[in-house]
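Student: Structure for the following, please:
(chains A and B)
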There are 2 protein chains.
Amino acid sequence: MSKHLTKRTEDYSKWYNELVVKADLAENSAVRGCMVIKPYGYAIWEKMQAELDRMFKETGHQNAYFPLFVPKSLFEAEEKNAEGFAKECAVVTHYRLQNDPDNEGKLRVDPEAKLEEELVVRPTSEAIIWNTYKGWIQSYRDLPLLINQWANVVRWEMRTRLFLRTAEFLWQEGHTAHATKTEAVKEAKLMQKVYANFAERFMAMPVIKGSKSESERFAGADDTFTIEALMQDGKALQAGTSHFLGQNFAKAFDVKYTSKEGKKEYVWATSWGVSTRLIGGLIMTHSDDAGLVLPPKLAPIQVVIVPIYKGEDQLNAITEKVSPIINDLRDKGVSVKFDDRDTFRPGAKFAEYELKGVPLRIAIGNRDLENGTLEIARRDTFEKQTIAQNKVVDVVVGLLEEIQDSLFKKALDYRDEHITEVSSFEEFKDVIENKGGFVSAHWDGTIETEDKIKELTKATIRCIANDVKEEEGVCVFTGKKSNRRVLFAKAY
Amino acid sequence: MSKHLTKRTEDYSKWYNELVVKADLAENSAVRGCMVIKPYGYAIWEKMQAELDRMFKETGHQNAYFPLFVPKSLFEAEEKNAEGFAKECAVVTHYRLQNDPDNEGKLRVDPEAKLEEELVVRPTSEAIIWNTYKGWIQSYRDLPLLINQWANVVRWEMRTRLFLRTAEFLWQEGHTAHATKTEAVKEAKLMQKVYANFAERFMAMPVIKGSKSESERFAGADDTFTIEALMQDGKALQAGTSHFLGQNFAKAFDVKYTSKEGKKEYVWATSWGVSTRLIGGLIMTHSDDAGLVLPPKLAPIQVVIVPIYKGEDQLNAITEKVSPIINDLRDKGVSVKFDDRDTFRPGAKFAEYELKGVPLRIAIGNRDLENGTLEIARRDTFEKQTIAQNKVVDVVVGLLEEIQDSLFKKALDYRDEHITEVSSFEEFKDVIENKGGFVSAHWDGTIETEDKIKELTKATIRCIANDVKEEEGVCVFTGKKSNRRVLFAKAY
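Tutor: Okay, the predicted model is just below:
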């Protein structure tokens, strides 16, 4: 059967790639590293966007839109940021094509239409935005400036994977300006919390909130706050980051404000973003060998109803019975699909919705009509029960909540079982290689040690957890003194 | 006063440019021809998107996302389409920057990182989408395929104006595939109707539905259906187009389906789009010399409440009185802003909301507290009335509807007064030059005549109206026989 998936234990990476394609979420395109997000995958992104957008607005942010292109001279203004992204920039050099004189019916770049200054396709928008903010910020009255943008960005990555790492991806990027350092740090931490709430409450994906080590920081940031999730194969996924940018961009673009006291001061900045990568995290947190498992809060279809019938009369009788149930469910805000296609058999439909992770499936046949019953099946546990038709709305609403909670708890248990404290480098390597997950270890705080550990184990410092305890210890690698543990893992 | 606007009669074009900037809708960016859409402008776009998206989904469409880049070889596959857009394409030729050895701290394009095949930044997505559809469509069961995309596109226009014509703009583009010609034509016409409904019911902007003449068609279309609006300066604005693409793209990308009868057939296509240009149309349809006038259904803020007070006690008393009113209004779905900033005087606030086109302004002062009254002012007519506080919800809801209707009627009257039937070319030129608006004239149906008229008058055929009457006549320019009138106008 073409819908057959590789098992996770066989080849997790292959399982993921197959699942993304077979569940109709996304596919590779004709453009190297760029994906096509198919309607079912995009519907998940729309649900994510709606919740995040609401959360951003509730915390005082407004949306705006800035240009796709960044002139090279602006791009290079903040040197660290430019250095961090220069190696993966798509660059527009010409603005016209013309008929190719050597090749009938073909086009070529018009050499006469070379741009005076090259344009970088934004890999992130700090440069173009801070160049704009310069005109928007004069006085303390103009602060804080709390803006978000939903956009596409391009990073010319060499190794790409659907959703997880693509040359073009969709994201939101918040860019805020503040009068004081304290306020900017508070904002960056607030957005880390917003991301964590979104991940846990909507994606049912537990995350660890922490700070990045210096070498893992965003290029141009003074501090990067992250949320780190754990996938089923024991690898970590950086799911969202929020950066305290200090005055780096304000200085690079000369953005000052006049304080209440009449003094000119540089502005303090943050930026923060999550992307379509979250869909990859969602898939890898919950799905199984039968296909996608989606938390109800982000499932494009929460309940599918499949009629089991022979002939039009039976279908009509079922449809008549089911219509008011559908209306009642929709009134409760449940998204329902009634799949009465006659081009597929019920078995094929069951398989399709299993693969696509629809949380609840209702089947209703001729005998159910006689008995006033229907069968309801959970995607996450495969449990089935036969219930009275007049109970269906309550049961569905209850089960959707239960599934949402249960997916989170299952993922949390897995994650918690996969945080291992180690006290020697042997143990460190053993856990990274065999058990997987996060290794909690003392580290001497140097980039050299971090690099050496990465070289030897492929594990990187995912974060210094916000709730880490002060604790005397010695670096697992060098034996030097350390006063707190940090979390290492192999990561996507 | 810096908020002073040029009058429309003085210089309509200058009035427009100033208004867009002063009302905080958008501004030019550091990238030639690209705009920054500011939060207030973007909020209007979000309202437009929400309504359109709902209308698309109600008519069976799903959203998806396709790559920003189109490889040159795909771009040139449909020759007419390629020819139509080749002259305004931004082209990515390299994928990396490097440190400039001759220029410390600067970057340059890495000559080693030249792409094997250039990538066109999408000016429209038919090519990349039809190349994808080839993999999605095998059987009649896969049809119709009804997909929409919200995206940014780039057309390297030489003369740009905020919202109306920008190098990068935001839009939606629908791309559908059908088994039969009839079905595809029906779809293209349906979307024209959806656009017209949106324009008239939400933007309060009357439009004429019609077909384009051959020379004004979309490059690659067999037929283009348009909605044409009329701006206050007598120029027409093409506000949305829906294209019947025949089998042009199916043939260029070899997209065939197996019919029920087992025959391989080329697929029939449509595409349709509206863009941030609509915001330009919205502004130019309703606004006046005092600033923006927004129809309530698309106004980010529908009602602003300005307290008139001296000292904190008075403000507190007003706030207490106003809070339940705000809640009641919000319960009715009205978006309300209570502007209690103490950094601006009421007069400055009044001017700001006038400029920004907030449909209703409520002022409430100390005497109102005593009398149980408040003052409510309409932005469109400047009418004010003092009403009892306990009537405010009903009055506001009623006025918002009235304003919406009245803006539409006013625009419709203006439009209808500016459709002039002419029977000689002298008359034609006179109306185009002096009265403006649409000229309804007989035309011999040839491209030559159309071109000649354009050359002499700058007027183009905006459309052949859907509801045009068959009527014997002679071409206003050549005197040749004609059996229907078409609509000419100068256009944006």
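Student: so how many other residues sit close to A:Thr224?
Tutor: 25 (other Cβ atoms under 10 Å in any protein chain shown). No exception for glycine: its C-beta is placed from N, CA and C like everyone else's.
Student: What pLDDT is listed against it?
Tutor: If you check A:Thr224, the pLDDT there is 98.
Student: what residues are up against it?
Tutor: Neighbouring residues of A:Thr224 by Cβ atoms under 8 Å, 6 or more residues apart in numbering or on different chains: A:Ser211, A:Lys212, A:Glu216, A:Arg217, A:Phe218, A:Thr241, A:Ser242, A:His243, A:Phe244.
Student: which stretches of chain A aren't confidently modelled?
Tutor: A:1-3 (pLDDT under 70).
Student: quick one, longest helix in it?
Tutor: Longest helix of chain A, by residue count under DSSP state H: helix A:392-417.
Student: quick one: contacts of the following helix or strand past that helix?
Tutor: Later in the chain than helix A:392-417, the nearest helix or strand by DSSP states H and E is strand A:419-421. Applying Cβ under 8 Å, 6+ apart, the contact partners of strand A:419-421 are A:Val431, A:Lys435, A:Gly437, A:Phe438, A:Val439, A:Ser440, A:Ala441, A:Arg485, A:Leu487.
Student: And the fifth one, how far from A:Val476?
Tutor: When Cβ to Cβ, to the nearest Å is the yardstick, A:Val439 and A:Val476 sit 8 Å from each other.
Student: Which neighbours do the two have in common?
Tutor: Common neighbours of A:Val439 and A:Val476 (Cβ under 8 Å, 6+ apart) are A:Val422, A:Phe428.
Student: Sticking with the residue most central in space within chain A, tell me its helix or strand.
Tutor: Residue closest to the mean C-alpha point of chain A, counted by Cα atoms, centre = their mean, is A:Leu278 at 1.5 Å. Secondary structure from DSSP H and E places A:Leu278 in helix A:277-286.
Student: on that earlier part again, what is the nearest of the contacts of A:Thr224 to B:Phe338?
Tutor: B:Phe338 lies nearest to A:Ser242 out of those, by Cβ to Cβ, at 30.2 Å.
Student: So which elements touch the helix or strand that contains that closest one?
Tutor: Using DSSP H and E, A:Ser242 maps to strand A:236-246. Packing partners of strand A:236-246 (3 or more Cβ pairs under 8 Å, 6 or more residues apart in numbering or on different chains; DSSP states H and E): helix A:181-197, strand A:223-230, strand A:268-275, helix A:277-286.
Student: Give me the next element, helix or strand, following that strand.
Tutor: Per DSSP H and E, the first helix or strand lying C-terminal to strand A:236-246 is helix A:248-252.
Student: Which elements pack onto that next one?
Tutor: helix A:79-85, helix A:126-136, strand A:268-275.
Student: how about TSV for the ones you listed, with distance to B:Leu355 and mean neighbour count added?
Tutor: TSV is the format used below for the helices and strands packed on helix A:248-252 (distance: least, Cβ to Cβ, whole Å; neighbours: other Cβ atoms under 10 Å in any protein chain shown):
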stretch	distance to B:Leu355	mean neighbour count
helix A:79-85	36	19
helix A:126-136	17	24
strand A:268-275	29	25
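Student: For A:Phe69, give me its contacts.
Tutor: Applying Cβ under 8 Å, 6+ apart to A:Phe69 gives the contacts A:Val92, A:Leu119, A:Val120, A:Val121, A:Arg122, A:Ile128, B:Val31, B:Cys34, B:Ala90, B:Glu168.
Student: Weed out the non-buried ones from these.
Tutor: Buried members of the contacts of A:Phe69, scored by 16 or more other Cβ atoms under 10 Å in any protein chain shown, are A:Val92, A:Leu119, A:Val120, A:Val121, A:Arg122, A:Ile128, B:Val31, B:Cys34, B:Ala90, B:Glu168.
Student: For those, work out which two are farthest apart.
Tutor: The distance between the two most remote of those (Cβ to Cβ) is 15.4 Å, for A:Ile128 and B:Ala90.
Student: returning to that earlier point: could you quantify the relative orientation of the strand holding A:Ser242 and helix A:392-417 as an angle?
Tutor: 80 degrees (axes from the mean of the first three to the mean of the last three Cα atoms, to 10 degrees).
Student: next one: strand A:236-246 to chain centre, how far?
Tutor: Offset of strand A:236-246 from its chain centre (Cα atoms, centre = their mean, to the nearest Å): 12 Å.
Student: can you check stretch A:147-156 too?
Tutor: Stretch A:147-156 has its C-alpha centroid displaced from the chain centroid by 13 Å (Cα atoms, centre = their mean).
Student: what's the answer for stretch A:244-255, then?
Tutor: 27 Å.
Student: end to end, how far does it reach?
Tutor: The first and last residues of stretch A:244-255 sit 16 Å apart, counting by Cα to Cα, to the nearest Å.
Student: Can you tell me the element the spatially closest residue to A:Pro71 that is not a sequence neighbour falls in?
Tutor: Of all residues not flanking A:Pro71 in the chain, A:Glu117 sits nearest, at 5.2 Å (Cβ to Cβ, 6 or more residues apart in numbering or on different chains). Element membership of A:Glu117, judged by DSSP H and E, is strand A:114-121.
Student: CA atoms only for that strand, dumped as PDB, please.
Tutor: Provided in PDB are the C-alpha atoms of strand A:114-121 (Å, rounded to 0.1, in the frame of the first residue of the first chain):
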ATOM      1  CA  LYS A 114      22.300  45.400 -13.300                       C
ATOM      2  CA  LEU A 115      21.300  47.000 -10.000                       C
ATOM      3  CA  GLU A 116      23.600  49.700  -8.800                       C
ATOM      4  CA  GLU A 117      23.500  48.200  -5.400                       C
ATOM      5  CA  GLU A 118      22.700  44.500  -4.800                       C
ATOM      6  CA  LEU A 119      19.600  43.600  -2.800                       C
ATOM      7  CA  VAL A 120      19.700  40.900  -0.200                       C
ATOM      8  CA  VAL A 121      16.500  38.800   0.100                       C
END
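Student: A:Leu360 pairs with what?
Tutor: Listed by DSSP bridges, the beta-bridge partners for A:Leu360 are A:Val303, A:Arg378.
Student: what about it, distance to A:Asp289?
Tutor: Taken as Cβ to Cβ, the span from A:Leu360 to A:Asp289 is 20 Å.
Student: The two - which one has more neighbours?
Tutor: Shown here are A:Leu360 and A:Asp289; by other Cβ under 10 Å, A:Leu360 has more neighbours (24 against 13).
Student: ok now do that one, which residues does it touch?
Tutor: Counted by Cβ under 8 Å, 6+ apart, A:Leu360 has contacts A:Gln302, A:Val303, A:Val304, A:Ile376, A:Ala377, A:Arg378, A:Arg379, A:Val396, A:Leu399, A:Leu400, A:Ile403.
Student: In this model A:Thr176 seems to touch A:Ala184, though I could be wrong.
Tutor: Yes. In this structure, A:Ala184 is within contact of A:Thr176 by Cβ atoms under 8 Å, at 7.2 Å.
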